[in-house]
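[1] Predicted structure and sequence below. I'll ask about it afterward.
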Amino acid sequence: MADLTLSDEATLIRQAQAGNLEAFNALVLRHQDVVYNVVYRMLGDDASAQDVTQEAFISAYRKFASFQGGHFRAWVVRIASNQALDVLRRDKRRPAESLDDLADEGDLPLPDGGPTPEQALQSRELQRAIQQCLESLNPEQRLTLILCDVQGMSYQEVADSTNAQLGTVKSRLARARLAVRRCLQAVEELLPAQYRLS
């Protein structure tokens, strides 16, 4: 892959569309973490997020000839988020709680020099509370908040990824931020002091 310039995404895209699998793999490596993180925050489950991420890139590869330019990241995130929304809809029809998930909530070994058991517990509780607040949002608001605030995408990239108007993105984001802020007020004691409202 020495002939590929990884810094030039447009070149990688052209080469991948011409059938160069190494170029497509370079694009996957460049964007897989972002796609996984978006899907994980949407679904809240590692195994499902891994599956959806893999399926999204397989789907992107199959549809790559139809990619008409623009931001590759936005395009592949749109594919992944649509698949994540499908999983959410399917799970809503057939809710279930895994016994494995309940078993995984046990004590985790702490590395030397790491946080105290109390700090580790508080951190896990805060992460769980944040994830629950995200899951309380409607899927469109959740996706917009994750793309913008967690992944740092611009409003335009979020609009491209979600196939929504710029004003809709801004509106969803404002509503999502307000809902998460209100939700986190219920667990304010878990928040670091600088984020507490009182």
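    Nice, I can see it. Please read these numbers as outputs of a predicted model, since none were measured by experiment.

[2] Could you use CA atoms for every contact and neighbour count after this?
    Fine.

[3] how about His71, phi and psi?
    phi -90, psi 120 (degrees, to the nearest 10).

[4] Return the distance of it relative to Glu9.
    9 Å (C-alpha to C-alpha, to the nearest Å).

[5] any idea where the helices of the chain begin and end?
    9-17, 21-43, 46-63, 72-93, 99-103, 117-136, 139-145, 155-162, 166-185 (DSSP state H).

[6] Which other helices and strands does the last one contact?
    Spelled out, it's helix 166-185. Packing partners of helix 166-185 (3 or more C-alpha pairs under 8 Å, 6 or more residues apart in numbering; DSSP states H and E): helix 117-136, helix 139-145, helix 155-162.

[7] Name the helix or strand of the chain that has the lowest mean pLDDT.
    helix 99-103 (a mean of 47; mean pLDDT, DSSP states H and E).

[8] For the closest residue to Thr162 other than its chain neighbours, give me its contacts.
    Nearest non-adjacent residue to Thr162, counting by C-alpha to C-alpha, 6 or more residues apart in numbering: Arg78, 5.7 Å away. Residues in contact with Arg78 (C-alpha atoms under 8 Å, 6 or more residues apart in numbering) are Asp160, Ser161, Thr162, Asn163.

[9] thinking again about what came up before, closest one to Asn25 among the helices and strands packed on helix 166-185?
    helix 155-162 (20.6 Å; C-alpha to C-alpha).

[10] average pLDDT across stretch 178-197?
    Average pLDDT, stretch 178-197: 75.

[11] Residue ranges in the chain under the pLDDT threshold?
    Scanning the chain for pLDDT under 70 picks out 1-7, 93-113, 190-198.

[12] who touches the residue nearest to the spatial centre of it in this structure?
    Central residue of the chain (C-alpha atoms, centre = their mean): Val38, 0.8 Å from the mean position. Contact analysis of Val38 by C-alpha under 8 Å, 6+ apart lists Val77, Ser81, Leu143, Ile146, Leu147, Gln151.

[13] Output those in TSV; the columns should cover distance to Arg182.
    Converted to TSV, the contacts of Val38 look like this (distance: C-alpha to C-alpha, whole Å):
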residue	distance to Arg182
Val77	28
Ser81	25
Leu143	18
Ile146	17
Leu147	20
Gln151	22
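
[14] got a winner among the contacts of Arg78 for most neighbours?
    Ser161 (25 neighbours; other C-alpha atoms under 10 Å).

[15] shouldn't that one be in contact with Trp75?
    Yes - Ser161 is within contact range of Trp75, at 5.8 Å (criterion: C-alpha atoms under 8 Å).
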